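**Student:** let's see this in three dimensions:
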Amino acid sequence: MSQSALKTRTIATTTSASRSRAGLRVLPVLAVAMTVLLAGCAQRDSITVGAIPDDYRTNHPIVIAEKNQKIDLPVGAGDRGMTGSQRDTLLGFLDGYDKSAASTLTIQIPSGSANEVAATAAGRDFARLAVASGIKRNRIVVTSYQAGSSEASAPVRVSYIAVKAQTDKCGRWPEDLLETSENKHYADFGCSYQNNLAAQMANPADLLGPRKQTPIDAERRGNVIDGYRNAPFYSPTPATEVQY
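**Tutor:** Below is the predicted model of the structure:
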């Protein structure tokens, strides 16, 4: 082999080795780049999913706040005192009064109406019925309000403040229901359900946390355990083949 041919072969071998080393250096760089791209895809998906806050409990939250409980009791101009129907209605209304909270019970009698005299007599009877129901006399306030017309009869209004679970009013339609490109609930979705749930809460404090457990009935617990111990042993009947 001539000297020039040997020199050419040596240069070719050196170039090939350099390219191999360069390729080995490129491989880790490509691996890191692929890892960054995959991480970027995963992060993008999580952002897309987490950016859709669509929960009726968030849109229509149930809150605990004071609410004015009131009822209007119609009184005829010819009535002389409380009627049986008014008595039953008022007792049902006072059933929701919390005697432990002892809020003020207000009885408003119309003034200047056609039934002013009858409403005044009925209002006194309403106050007596409230005292008989267990409401303290010093928590009852009898006042008057100006009637809208002197020729019409106005009701006697009974009211008190109570802590209730409540939510916002339903019937909000700010957008067209057909606008569903984002696949979200419409504005009024779940509102009636939340209102019904709030109305069924006898004790709004149950939404804040569990109540303290009452002491167990040791006698009842012993009876249940004895019944379990003395129960006859149950042996399942083996399955048999049915002949047709």
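
**Student:** show the pLDDT at the residue lying closest to residue 185 once chain neighbours are set aside.
**Tutor:** Nearest residue to residue 185, sequence neighbours excluded (CB to CB, 6 or more residues apart in numbering): residue 54, at 5.5 Å. No exception for glycine: its C-beta is placed from N, CA and C like everyone else's. At residue 54, the model reports a pLDDT of 74.

**Student:** swap in residue 23?
**Tutor:** 49.

**Student:** residue 98 now?
**Tutor:** At residue 98, pLDDT is 87.

**Student:** and the nearest residue to residue 193 once chain neighbours are set aside, how many neighbours?
**Tutor:** Closest residue in space to residue 193, ignoring its immediate chain neighbours: residue 56 at 7.1 Å, by CB to CB, 6+ apart. Counted by other CB atoms under 10 Å, the residues lying close to residue 56 total 14.

**Student:** try residue 126
**Tutor:** Around residue 126 there are 25 residues (other CB under 10 Å).

**Student:** ok, it - contacts?
**Tutor:** Residue 126 makes contact with 73, 82, 86, 90, 107, 156, 158 under the criterion CB atoms under 8 Å, 6 or more residues apart in numbering.

**Student:** now swap in residue 201 and tell me
**Tutor:** Shown in contact with residue 201 (CB under 8 Å, 6+ apart): 164, 165, 207.

**Student:** in a helix, the first one, correct?
**Tutor:** No. Counting by DSSP: H, G, I helix; E, B strand; the rest coil, one finds residue 164 to be strand, located in no helix.

**Student:** give me the beta-bridge partners of it?
**Tutor:** Beta-bridge pairing of residue 164 under DSSP bridges involves residue 65.

**Student:** what's the neighbour count on it?
**Tutor:** Other residues lying near residue 164 total 17 when counted by other CB under 10 Å.

**Student:** then the last one?
**Tutor:** Each residue near residue 207 was counted by other CB under 10 Å, and the total is 13.

**Student:** what about the closest residue to it other than its chain neighbours, how many neighbours?
**Tutor:** Computed as CB to CB, 6+ apart, the closest residue to residue 207 that is not its neighbour in sequence is residue 165, at 6.0 Å. Using other CB under 10 Å, residue 165 is surrounded by 23 other residues.

**Student:** report the contact partners of residue 165.
**Tutor:** Going by CB under 8 Å, 6+ apart, residue 165 touches 62, 63, 64, 198, 199, 201, 204, 207.

**Student:** distance of it from residue 230?
**Tutor:** For residue 165, the distance to residue 230 (CB to CB, to the nearest Å) stands at 46 Å.

**Student:** what do you get for residue 218?
**Tutor:** 18 Å.

**Student:** one more: residue 86?
**Tutor:** According to CB to CB, residue 86 and residue 230 sit 58 Å apart.

**Student:** poorly predicted segments of this structure, please.
**Tutor:** Low-confidence segments of the chain, defined by pLDDT under 70: 1-53, 233-240, 242, 244.

**Student:** the helices in the protein, which residues?
**Tutor:** 3-50, 56-59, 84-94, 116-132, 191-199, 218-229 (DSSP state H).

**Student:** quick one: contacts for residue 60?
**Tutor:** Taking CB under 8 Å, 6+ apart as the test, what residue 60 contacts is 167, 168, 190, 191, 194, 195.

**Student:** I'd guessed the first one sits against residue 61; true?
**Tutor:** Yes. Taking CB atoms under 8 Å as the definition, residue 167 is a contact partner of residue 61 at 6.5 Å.
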